[in-house]
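> Fold the following and give me the result.
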Amino acid sequence: GTIILEGENGIGWKQQRRPFIDMRLLAEYLVEAGQGRLILGDTALRVETLHQYFEGRFSDLSPITNRLLGAEKVQLVSMKKESPITPGNFPLLSNDALHLVEGALERDEHLFIFTARRGLSPLTVCSDCGSPVACSRCKAPTILHSKKEAGEHIQFFLCHKCAQEDPPKETCQLCGSWRLFLLGIGIERVERYLAKEFPKLSLLRLDSDSVTNHRKAEDIRNQFFESKGGVLLGTEMALRYLDRSVDRTLIVSLDSLAAIPDWRGNEKIFTLVNRMRAITRKELLIQTRRDEELLSQALHGNAIEFYREEIRSRRQFRYPPFEVLIKLSFTGTPHAVVREEEKILSYLKEFEPLVYTPAYEEPGKHTKHFLLKIRKEEWPNERLRQKLLALPPYVSINVDPESLL
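Purely as a prediction, here's the structure:
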């Protein structure tokens, strides 16, 4: 009679394919239909869940506190003040971060270093025209990676959208300039830097590029905790395997996450920082090039203050929990997309759909997204529901999508 959703603010609850069912919402329906009990838990609950709690729909099984618990010491380092970026020079670790690594080595402590992105650098841009190096197939920005072949490190550009591998570019595809500039910090770049600066370092890495299955990920996690000391370098994937506390933790950078135009972006950063705080016993250090009040709130575990500001913003811009978002998508030839766009706009005119194009498309194909916002208390809207059911099957319908991009 009881359903428990642990980690309800995590990824993976919503299906990636039709019918895009959110298991958290399904659990609510099952409990309501069966008169059972639903328990939601996480280090930092979703904004939507907190809103239901403050509205009196949920009660607390354990008290929801204003301050989230975690590391004894937290520190925010401004890389913008300490190490300015110049072409050919993108500093990775601050003096404080280097001291953190050195201290962990001297004391045989466990240190987890978080990097937000895979590869060597998340973005390679032209210093003259500012254009990013793009995929030869789908034109999305590519990420510089390296692999070992015949005993040598070979660099290549990998598209994380279509998996196309392109050889290293020597000149800009747009203006022909030779001044290509690596921007951002990827996990492979941090790995190389640490191996160079600390040659005796016992370094393990856990991300989707280095680990191919669940068993191997568990083996790396166990090797890390069973060793006397050492460093585990990982992406968000590694957090799912860290089931024990770590002496010290370091976030190399979260700036690439903040650059993604996602309405859930602030919540994702706040949640990630607090997951890091929760697994840290002694010290957490975060490096950033942004001056963000958000990071300060996250560092101090100020969950209620973050909620108040976030809920105010969501009310203003008509996002959940105040509105239900419905995203329609259609892909086809340029002519077919134009024709379908006109039909859908006319068909759903009374619901004022917002139409937009994704940033990157495959050559020869076009995609259109249509966004509807319906007040929470008006959903399900029977008239709109019937109209959506009557749309042709090649139009994708996603209620409350994880991303609008």
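
> Local confidence estimate at Ile143?
Here the pLDDT value assigned to Ile143 is 70.

> now swap in the one 3 residues further on and tell me
At Ser146, the pLDDT value in this model is 70.

> Make sure it is actually in contact with Gln155.
Yes - under the contact definition of Cβ atoms under 8 Å, Ser146 touches Gln155, with a separation of 4.9 Å. The C-beta positions use only the backbone N, C-alpha and C, and glycine is treated the same way.

> And the two? Which one has more around it.
Ser146 (19 against 13; other Cβ atoms under 10 Å).

> Can you name the next helix or strand after the helix or strand containing the more buried one?
Assigned by DSSP states H and E, Ser146 belongs to strand 143-149. Where DSSP H and E defines the elements, the next helix or strand beyond strand 143-149 is strand 152-158.

> Buried ones in that next one, by neighbour count?
Phe157, Leu158 (16 or more other Cβ atoms under 10 Å).

> So what are the sheet partners of whichever helix or strand comes after that strand and their directions?
Later in the chain than strand 152-158, the nearest helix or strand by DSSP H and E is strand 165-166. Using DSSP bridges, strand 165-166 pairs in its sheet with strand 152-158 (antiparallel).

> secondary structure class for Glu102?
Under DSSP: H, G, I helix; E, B strand; the rest coil, Glu102 falls in the helix class.

> likewise Leu372?
strand.

> what stretches of the stretch 151-300 of the chain score poorly on pLDDT?
151, 153, 160-163, 169-170, 178, 180-184, 258-261, 291-294 (pLDDT under 70).

> the helices in the stretch 1-150 of the chain, which residues?
Assigned by DSSP state H, counting those that start in this stretch, the stretch 1-150 of the chain shows helices spanning 23-34, 47-54, 79-82, 95-106.

> Quick one: list the elements packing against the first one.
When contacts are defined as 3 or more Cβ pairs under 8 Å, 6 or more residues apart in numbering; DSSP states H and E, helix 23-34 sits against strand 2-6, strand 37-41.

> can you pull the buried residues of it?
Buried residues in helix 23-34 (16+ other Cβ under 10 Å): Arg24, Ala27, Glu28, Val31.

> Just the closest of those residues to Lys73, please.
Distance to Lys73, by Cβ to Cβ, is smallest for Arg24 among the buried residues of helix 23-34, at 34.2 Å.

> In this structure that closest one contacts Gly12, no?
No - using Cβ under 8 Å, Arg24 is not in contact with Gly12; the gap is 10.6 Å.

> Which of the helices or strands spans the nearest residue to Thr357 once chain neighbours are set aside?
Spatial nearest neighbour of Thr357, chain neighbours left out: Lys368 (6.3 Å); criterion: Cβ to Cβ, 6 or more residues apart in numbering. In the assignment (DSSP H and E), Lys368 maps to strand 366-375.

> And that strand, what does it pack against?
strand 323-332, helix 334-347, strand 354-356.

> Tell me which of the ones you listed sits most buried.
strand 323-332 (a mean of 18; mean count of other Cβ atoms under 10 Å).

> State the mean pLDDT of that strand.
94.

> mind checking how far that strand is from the chain centre?
Relative to its parent chain, strand 323-332 has a centroid offset of 21 Å by Cα atoms, centre = their mean, to the nearest Å.

> Would you agree Leu232 falls within a helix?
No - Leu232 is assigned strand when assessed by three-state DSSP, not a helix.

> Please renumber the chain so that the first residue is 839 from this point on.
New numbering, starting at 839: the last item is Leu1070.

> count of neighbours near it?
Neighbours around Leu1070, by other Cβ under 10 Å: 25.

> weakest of the helices of the stretch 839-988 of the chain by average pLDDT?
helix 917-920 (a mean of 73).

> and that one, which residues are buried?
Met917.

> quick one: contacts of it?
Pro929, Ser932, Asn933, Ser1091, Gln1125, Thr1126, Arg1127, Arg1128, Asp1129 (Cβ atoms under 8 Å, 6 or more residues apart in numbering).

> Recalculate using a threshold of 10 Å.
With contacts defined as Cβ atoms under 10 Å, 6 or more residues apart in numbering, helix 917-920 is touched by 923, 928-935, 1023, 1090-1091, 1093, 1125-1129.
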